[in-house]
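# Based on what follows, work out the 3D shape:
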Amino acid sequence: EMVGEIDKGYHDIPARLAMPNGKEWEMVGLAFLITICGYFAAVSLMKVIAEDKQYRIYPNQELIALGLTNIISALFGAFPAFLNLARTCVFFEAGAESQFSAALSVLVMLFFKEVTRSFFKYTPKSCLAAIVWFSVFKIYGHFDGIRKLMTIDRLDALVWFIAWLAVTFLDVVLGLSTGLLCCIFSIVIRSQMASATTLARMGDTEM
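Numbers count the residues shown, from 1 in each chain. Okay, the predicted model is just below:
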């Protein structure tokens, strides 16, 4: 299957503002789900990269950045803006270390979209899939961490495994939501099965 004609886009810029009606309120639940899953996906990949680069991340700062980005992009009819797994991995492999790399990437993509859009019409989608897979391949090197996790905490490993299966066989959003629910459930289980050890007792008291 080919990519086909690429739409120019830029519809209704700036987006028309209107008061919410019944249909918009029906999207609140889905919007909340997208927000939670997108944020967790962003922070998860940030932790993977930070582990390799040996630096600390600030999840609250990422949450503020994503929130401001989506508020501004909503005025232009954009999709919800979250982390792009393939591009982030490409930047990581190329050694990018600042926001300038992202700005340059946007300018290059904009140029190709406007100038060479017609040439991509006959590109097989399988080629694009291969490019994305090659970009994210190294991230799957952390798949071996499940063995270490099994020796540290089997309950956490079980949550990881369930989330992985759900994302693989169901859907990304549904899979991440399943993983989140399993994680919350595991915390409840731990709180009900807390272990205690008596080191000493003061006389006949309960202390």
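# Centre-most residue in this structure?
With distances taken as Cα atoms, centre = their mean, the residue of the chain nearest its centroid is Ala41 (2.1 Å).
# I'd say that one and Phe82 touch.
Yes: taking Cβ atoms under 8 Å as the contact criterion, Ala41 and Phe82 are neighbours in contact, 6.7 Å apart. Where you see a C-beta, it was placed from the backbone N, CA and C, and this is true even at glycine.
# downstream neighbour of the one helix or strand Val90 maps to in the secondary structure list?
If you go by DSSP states H and E, Val90 is part of helix 85-94. Next helix or strand after helix 85-94 toward the C-terminus (DSSP H and E): helix 99-115.
# List the buried residues in that following helix.
Within helix 99-115, the residues that count as buried by 16 or more other Cβ atoms under 10 Å are Ser105.
# which residues touch it?
Counting by Cβ atoms under 8 Å, 6 or more residues apart in numbering, the neighbours of helix 99-115 from elsewhere in the structure are 6, 87, 91, 94, 96, 120.
# Return that helix as PDB; C-alpha atoms alone will do.
Listed next in PDB are the C-alpha coordinates belonging to helix 99-115 (Å, rounded to 0.1, in the frame of the first residue of the first chain):
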ATOM      1  CA  GLN A  99      15.700  22.300  21.600                       C
ATOM      2  CA  PHE A 100      17.500  23.600  18.600                       C
ATOM      3  CA  SER A 101      17.600  20.100  17.100                       C
ATOM      4  CA  ALA A 102      13.800  19.900  17.400                       C
ATOM      5  CA  ALA A 103      13.300  23.300  15.800                       C
ATOM      6  CA  LEU A 104      15.600  22.400  12.900                       C
ATOM      7  CA  SER A 105      13.800  19.100  12.500                       C
ATOM      8  CA  VAL A 106      10.400  20.900  12.200                       C
ATOM      9  CA  LEU A 107      11.900  23.300   9.500                       C
ATOM     10  CA  VAL A 108      13.300  20.400   7.500                       C
ATOM     11  CA  MET A 109      10.000  18.500   7.700                       C
ATOM     12  CA  LEU A 110       8.000  21.600   6.700                       C
ATOM     13  CA  PHE A 111      10.300  22.100   3.700                       C
ATOM     14  CA  PHE A 112       9.900  18.500   2.500                       C
ATOM     15  CA  LYS A 113       6.100  18.700   3.100                       C
ATOM     16  CA  GLU A 114       5.700  21.800   1.000                       C
ATOM     17  CA  VAL A 115       8.300  21.300  -1.700                       C
END
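# Now do whichever helix or strand comes after that helix: distance to the chain's middle.
The C-terminal neighbour of helix 99-115 among helices and strands, as given by DSSP H and E, is helix 125-136. Relative to the mean C-alpha coordinate of its chain, helix 125-136 is positioned 18 Å out (Cα atoms, centre = their mean, to the nearest Å).
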